[in-house]
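Chemist: Here's a sequence, model it:
(one chain, ligands or ions: 1)
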Amino acid sequence: MNINSMVYAQSYLDSSVSVDERVEDLLSRMTLEEKVGQMTQLNITMVNHEGVQRDVSLDPEKARYLLQNHHIGSFLNGEAVPPEQWLEYINELQSIAVEETRLGIPIIYGIDHMHGASYLEGSTIFPHNINLGATFNIEHARQTGKITALESGPLGHFWNFAPVLDLAKNPYWPRFYETFGEDPHLLSEMGRSYVKGFQGDHDLFPYKLAATGKHFIGYSVPRSGWDRTPVDLSMQTIHEFHRPPFQAAIDAGMKTIMVNSGEVNGIPAHASKELLTGLLRDKMGFEGVIVTDWADIGKLYNFHKTARDYDEATLQAIEAGIDMSMTPTSLRFNESLLNLVENGSVTEERLDESVRRILKLKFELGLFEHPYPSGQGIDEIGSNDRKDIALKAAQESMVLLKNSENILPLSKSIEKLLVVGPSAESKRNLAGGWTLAWQGAAEENYPESMKTITEALRNELPNAEIISMESIGKKYSKTRREFNEVAESADAIIIAAGEEPYTEFVGNITDLSLPEDQLEMIRAVNGTGKPSVLVLVAGRPRVINEVVPDTDSIIWAGLPGFEGAEAIAHVISGKINPSGKLPFSYPQFVGHFIPYNHKPSAAYYFDDTVANDIVVDVEATQMWEFGFGLSYTRFNYENLELSSTELKENDRITAKISVTNAGDIVGTESVLWFLTDEVGRISRPVKELVHFERVTLEPGETAELTFTIEPEIHLSYPGFDGESILEEGYFTIQVGEKKSRFYLEK
Ligand code: GLC
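Modeler: Numbering: from 1, shown residues only. Below is the predicted model:
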């Protein structure tokens, strides 16, 4: 007999009943073990045949044992396989959960589709978030979210562990590229847009999908720059810089949050009631599911050493406020939680709080009515239309950092081009980590249709002879001679530099410089006297200051995804006029990096004298500042006007600026508006991004852009307790190089 028919009469399976009633009815039927099972998420390796991530296939006996005896509510992970294989695996797993367990509670499957459906063969792979940030165009975040949903939702991937909402502050951090950049406003707008695109109110499938804001909170600023290492962070900084992106996504309806694996101020986030309950629940109003990161309860005792054993670690995490444990390769959490309830350390009422949230999530996604993958539209996966959308995002993310001799765009008459460097023939470098597999995959696994930079240049410049040399430099001395011969006859040389794929601790480094063999290669190219174009394909800003003066043109390409090579070639050929702007401050020195929104005291010196030639101009310590990006045309900002130069807290004033395309080709400009609060009882950043918009202008065309300043929104700042502070005084609005001052009277 079908398990559901035995209990159908009960309201939890009746979709005409309210979600809350269904939750309460189901909860009332659940045993303690079933509740603990719903709070547990296990890895694919616990239910597949080979016990490795890439094996997306079900061993039904393993699954049956875990679902029937331990009532597991969620599973995660896998690697890129064809959609049909995902469908078979998820269907088999779900049918055991729904058809062969006492209550038939569907599982929810979680996965890291970080920039498109990362773990799906043939999917559309977008630029990573750091590139989306460089576009200052929230539409790309929305499209990334939506197309990720379109390509992963049909497979039963109901839960995506994205977007990353961490703030990129430490360029050493190996997950720098997973963020939208260093500015809270930019991250808030991008994160909100991604959530709306992914979770959307689109009726793509019979069920809804859940996004995940991660990693709450303060994960991205480890003192050492190494992943998951200690962070010291004041609550002031948390409220002011790290909270806004999470708040914006929560306010946009984001359904789940994943916790930061590191410690903040000595308390691991997974054991911090202050962060997970005091801040996230009580202050920020988050009511969804809080899931741990990978094995992070266990790490409380075997890594952070804040707990003497697993039971104590579980108690700390439960008391902090987690709902689900990504255990994920053992039943230790289940065992410990049962022990804790049985010995009275944890009440069943506390479990009910978490189980309610988990059941509510499953009911709201419609999983009880539609537990199985819809399989809809899988023939659209990776369609050309979607590739074009990803290409546009990649194109708009290209940042032209230098073009002093106007080498770019390359002349159409160019006959011979030499392409050198580790990214010249590499597909994997263009997509970075979280692509096909956790750390990226072997080169041969990347799509046939995907181009390398060399191939894309050949397509873009069909009349030119394009010669590629993977790498030259000291350790390739034998190719040095070949290089000199080829370089001699080349009209220009493209240096495709950068990083191999990585993520998390695998990407930890101790020197932010671009690797010496690549610097050597750049010196060799510049030594030829030929026009040189450096293309940086990397997940973080590697320091290149010593080669900048002699390199004619520099393009920051970031990690532009599967369409990235074309985007790079389009900038080099002039098919597109670059419009990207840095979403982070590009450091000049390996040991000194200052964000654009630094404090006034970021550099101390005597009066205005320069003591012993120490660099005292803070902006000068950056190679390029947040918001920097060149175009093949130029834009003039004129006539910044304010509707008033004074206002009271309930007034508004409107700022107006004229932007003109003063060049001779069409161009797009991201217009960034900054505000400076000149004096603050808690010191204020020297400037803060408060608004951005893009405008496309024909040669000679002028656009008038406005921005309305609302004191409570734009002139206030959070205090130590997160409450809003609005102080009387002078403020300055800046757009382009134009500034205008006004006074807020309280
Ligand atoms: C990893 C990452 C997290 C990811 C999770 C599941 O350790 O920190 O971002 O979502 O585990 O793969």
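
Chemist: Pull the number of nearby residues for the closest residue to the ligand within the stretch 251-400 of the chain.
Modeler: For the stretch 251-400 of the chain and the ligand, the shortest gap (CB to the nearest ligand atom) falls at W294, measuring 3.7 Å. Backbone N, C-alpha and C define where each C-beta goes, glycine included. Using other CB atoms under 10 Å, W294 has 17 neighbouring residues.

Chemist: residues in contact with it?
Modeler: 261, 326, 328 (CB atoms under 8 Å, 6 or more residues apart in numbering).

Chemist: which SS state does the first one fall under?
Modeler: Per DSSP: H, G, I helix; E, B strand; the rest coil, the local secondary structure of S261 is coil.

Chemist: so it makes contact with I297?
Modeler: No. When contacts are counted by CB atoms under 8 Å, S261 is not listed as touching I297 (10.8 Å).

Chemist: Looking at those two, which is more packed in?
Modeler: Using other CB under 10 Å as the criterion, S261 and I297 rank with I297 on top: 27 against 24.

Chemist: Relative to Q247, how far out is M258?
Modeler: 16 Å (CB to CB, to the nearest Å).

Chemist: and this protein, which residues reach the ligand?
Modeler: Neighbours of the ligand within the chain, by CB under 6 Å from any ligand atom: 77, 112, 161, 214, 258, 261, 293-294, 504.

Chemist: can you list residues touching both of S261 and I297?
Modeler: With CB under 8 Å, 6+ apart as the test, S261 and I297 both reach H270.

Chemist: Now do the helices in the stretch 151-300 of the chain.
Modeler: In the stretch 151-300 of the chain, the helices defined using DSSP state H, counting those that start in this stretch lie at 184-198, 235-237, 243-251, 273, 298-302.

Chemist: Likewise for the stretch 351-500 of the chain?
Modeler: According to DSSP H, counting those that start in this stretch, the helices that the stretch 351-500 of the chain contains are 384-397, 428-431, 453-460, 477-489.

Chemist: Surely L186 and F136 touch.
Modeler: Yes. Here L186 reaches F136: they are 7.1 Å apart, a contact under CB under 8 Å.

Chemist: Find residues that contact each of the two.
Modeler: 583, 692.

Chemist: circling back: which of M258 and Q247 has more neighbours?
Modeler: M258 (26 against 23).

Chemist: How about the contacts made by the more buried one?
Modeler: Taking CB under 8 Å, 6+ apart, one finds 161, 212-216, 290-293 in contact with M258.

Chemist: List the buried residues in stretch 655-665.
Modeler: For stretch 655-665, a neighbour-count test (16 or more other CB atoms under 10 Å) marks 655, 657, 659-661, 663 as buried.

Chemist: which one of those residues is nearest R175?
Modeler: V659 (34.7 Å; CB to CB).

Chemist: follow-up on the earlier one: could you identify which of the helices of the stretch 151-300 of the chain is most buried?
Modeler: helix 184-198 (a mean of 26; mean count of other CB atoms under 10 Å).

Chemist: Can I get it as PDB, trimmed to CA atoms?
Modeler: Written as PDB, here are the backbone C-alpha positions of helix 184-198 (Å, rounded to 0.1, in the frame of the first residue of the first chain):
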ATOM      1  CA  PRO A 184      28.500  46.900   0.800                       C
ATOM      2  CA  HIS A 185      26.200  48.800  -1.500                       C
ATOM      3  CA  LEU A 186      27.400  47.000  -4.600                       C
ATOM      4  CA  LEU A 187      27.100  43.600  -2.800                       C
ATOM      5  CA  SER A 188      23.700  44.400  -1.600                       C
ATOM      6  CA  GLU A 189      22.400  45.300  -5.000                       C
ATOM      7  CA  MET A 190      24.000  42.300  -6.700                       C
ATOM      8  CA  GLY A 191      23.000  39.800  -4.000                       C
ATOM      9  CA  ARG A 192      19.400  41.000  -3.900                       C
ATOM     10  CA  SER A 193      19.300  40.800  -7.700                       C
ATOM     11  CA  TYR A 194      20.700  37.300  -7.800                       C
ATOM     12  CA  VAL A 195      18.200  36.100  -5.100                       C
ATOM     13  CA  LYS A 196      15.300  37.500  -7.100                       C
ATOM     14  CA  GLY A 197      16.600  35.900 -10.300                       C
ATOM     15  CA  PHE A 198      17.200  32.500  -8.700                       C
END
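
Chemist: okay, the angle between that helix and helix 243-251?
Modeler: Helix 184-198 runs at 20 degrees relative to helix 243-251, counting by axes from the mean of the first three to the mean of the last three CA atoms, to 10 degrees.

Chemist: Run a quick neighbour tally on R741.
Modeler: 12.

Chemist: Now do the same contact list for the residue in the stretch 451-600 of the chain that the ligand sits nearest to.
Modeler: Here the stretch 451-600 of the chain gets closest to the ligand at one residue, E504, 5.9 Å apart by CB to the nearest ligand atom. Contacts for E504 were tallied using CB under 8 Å, 6+ apart; they are 174-175, 227-228, 433.

Chemist: which of those residues has the most neighbours?
Modeler: G433 leads the contacts of E504 on contacts (other CB under 10 Å) with 28 neighbours.

Chemist: Could you check how far that one is from E499?
Modeler: 10 Å.

Chemist: Now for these two: what residues contact both?
Modeler: Joint contacts of G433 and E499 (CB under 8 Å, 6+ apart) are G539.

Chemist: Show me what T706 bridges to in the sheet.
Modeler: K656 (DSSP bridges).

Chemist: That one - how many residues pack around it?
Modeler: If we define neighbours as other CB under 10 Å, then T706 has 13 of them.

Chemist: again with R542
Modeler: 22.

Chemist: list the contacts for it?
Modeler: Applying CB under 8 Å, 6+ apart, the residues near R542 are 498-499, 512-515, 536.

Chemist: 7 Å instead?
Modeler: Going by CB atoms under 7 Å, 6 or more residues apart in numbering, R542 touches 512-514.

Chemist: If you drop the residues flanking it in sequence, what lies closest to E364?
Modeler: V19 (6.0 Å; CB to CB, 6 or more residues apart in numbering).

Chemist: Contact partners for the residue found closest to K648 once you drop the neighbours it is linked to in the chain?
Modeler: Of all residues not flanking K648 in the chain, E745 sits nearest, at 5.4 Å (CB to CB, 6+ apart). Taking CB under 7 Å, 6+ apart, we find E745 in contact with 646, 648, 728.

Chemist: Mind checking the pLDDT average for stretch 593-612?
Modeler: Taken as a whole, stretch 593-612 has an average pLDDT of 77.

Chemist: Ignore what I typed, I meant stretch 33-49.
Modeler: Per-residue scores along stretch 33-49 average to 98.

Chemist: Could you tell me how far the residue lying closest to N484 once chain neighbours are set aside is located from A134?
Modeler: With sequence-adjacent residues excluded and distances taken as CB to CB, 6+ apart, N484 is closest to T528, at 7.4 Å. Separation of T528 from A134 (CB to CB) stands at 30 Å.

Chemist: and the two? which has more neighbours close in?
Modeler: A134 (31 against 16).

Chemist: State the number of residues packed around E312.
Modeler: E312: 17 neighbours (other CB under 10 Å).

Chemist: Next up, the contacts around it.
Modeler: By CB under 7 Å, 6+ apart, the neighbours of E312 are Y301.

Chemist: does it count as helix, strand or coil?
Modeler: Strictly by three-state DSSP, E312 counts as helix.

Chemist: which ones are touching S579?
Modeler: Neighbours of S579 in contact, by CB under 7 Å, 6+ apart: 396, 631, 667-670.

Chemist: at 6 Å instead, please
Modeler: 396, 668 (CB atoms under 6 Å, 6 or more residues apart in numbering).

Chemist: Whichever residue of the stretch 351-500 of the chain sits closest to the ligand pairs with what?
Modeler: Distances between the stretch 351-500 of the chain and the ligand by CB to the nearest ligand atom are smallest at W438, namely 7.2 Å. Bridge pairing for W438 (DSSP bridges) gives the partners G440.

Chemist: how close does it sit to Y596?
Modeler: Distance from W438 to Y596, by CB to CB: 32 Å.

Chemist: can you check S383 too?
Modeler: S383 is 38 Å from Y596, by CB to CB.
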